[in-house]
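Student: Following is a predicted model, sequence given first.
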Amino acid sequence: MNALVSLWLAQQVPNPGPAVPPGLGALADQLLGWLKWGVLVSGVLGILICAFMLIIGRRNRSATAYEGLVGSAWVLGGLALASVAALLVGAFQL
């Protein structure tokens, strides 16, 4: 009886990998592609707006320049997070 219990405890729990539901692979790829494109466009636009704020705030508008500088840090942080999104999700995959 003791050998049977230890054999039962030594077995591995099944851990199947992720599987794409039938017919949803192409749709998921398309949606992810659109989201990546949206992040890239938003990132470029955000950096350009922050650069414009820095330029405009150069003289006598230090609050605008400060907001542009802080905004650029947020935009770069968002772009960095978006660029490692797949790695982060893969790290926490069950």
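Tutor: Received, thanks.

Student: need the next SSE after the helix-or-strand element of the chain with minimal mean pLDDT, C-terminal direction.
Tutor: Scoring the helices and strands of the chain by mean pLDDT, DSSP states H and E places helix 2-10 at the bottom, with a mean of 70. Downstream of helix 2-10, the next assigned helix or strand under DSSP states H and E is helix 25-56.

Student: So for that next one, what gets flagged as buried?
Tutor: For helix 25-56, burial by neighbour count (16 or more other C-beta atoms under 10 Å) applies to 39, 43, 46, 50, 53, 54. All C-beta atoms are positioned from the backbone trio N, CA, C, and that covers glycine.

Student: Dump the following helix or strand past that helix to CSV, keeping only the CA atoms.
Tutor: Proceeding N to C from helix 25-56, the next assigned helix or strand is helix 62-83, under DSSP H and E. Extracted C-alpha coordinates of helix 62-83, given in CSV (Å, rounded to 0.1, in the frame of the first residue of the first chain):
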residue,chain,number,x,y,z
SER,A,62,8.7,76.3,-18.0
ALA,A,63,5.6,74.4,-17.0
THR,A,64,5.0,73.3,-20.6
ALA,A,65,8.6,72.2,-21.0
TYR,A,66,8.3,70.3,-17.7
GLU,A,67,5.1,68.5,-18.9
GLY,A,68,6.8,67.6,-22.2
LEU,A,69,9.8,66.1,-20.4
VAL,A,70,7.6,64.1,-17.9
GLY,A,71,5.3,63.1,-20.8
SER,A,72,8.3,61.8,-22.8
ALA,A,73,9.3,59.6,-19.9
TRP,A,74,5.8,58.1,-19.7
VAL,A,75,5.7,57.6,-23.5
LEU,A,76,9.1,55.8,-23.4
GLY,A,77,8.0,53.7,-20.5
GLY,A,78,4.9,52.7,-22.3
LEU,A,79,6.8,51.8,-25.4
ALA,A,80,9.3,49.8,-23.4
LEU,A,81,6.4,47.9,-21.7
ALA,A,82,4.8,47.2,-25.1
SER,A,83,8.1,45.9,-26.5
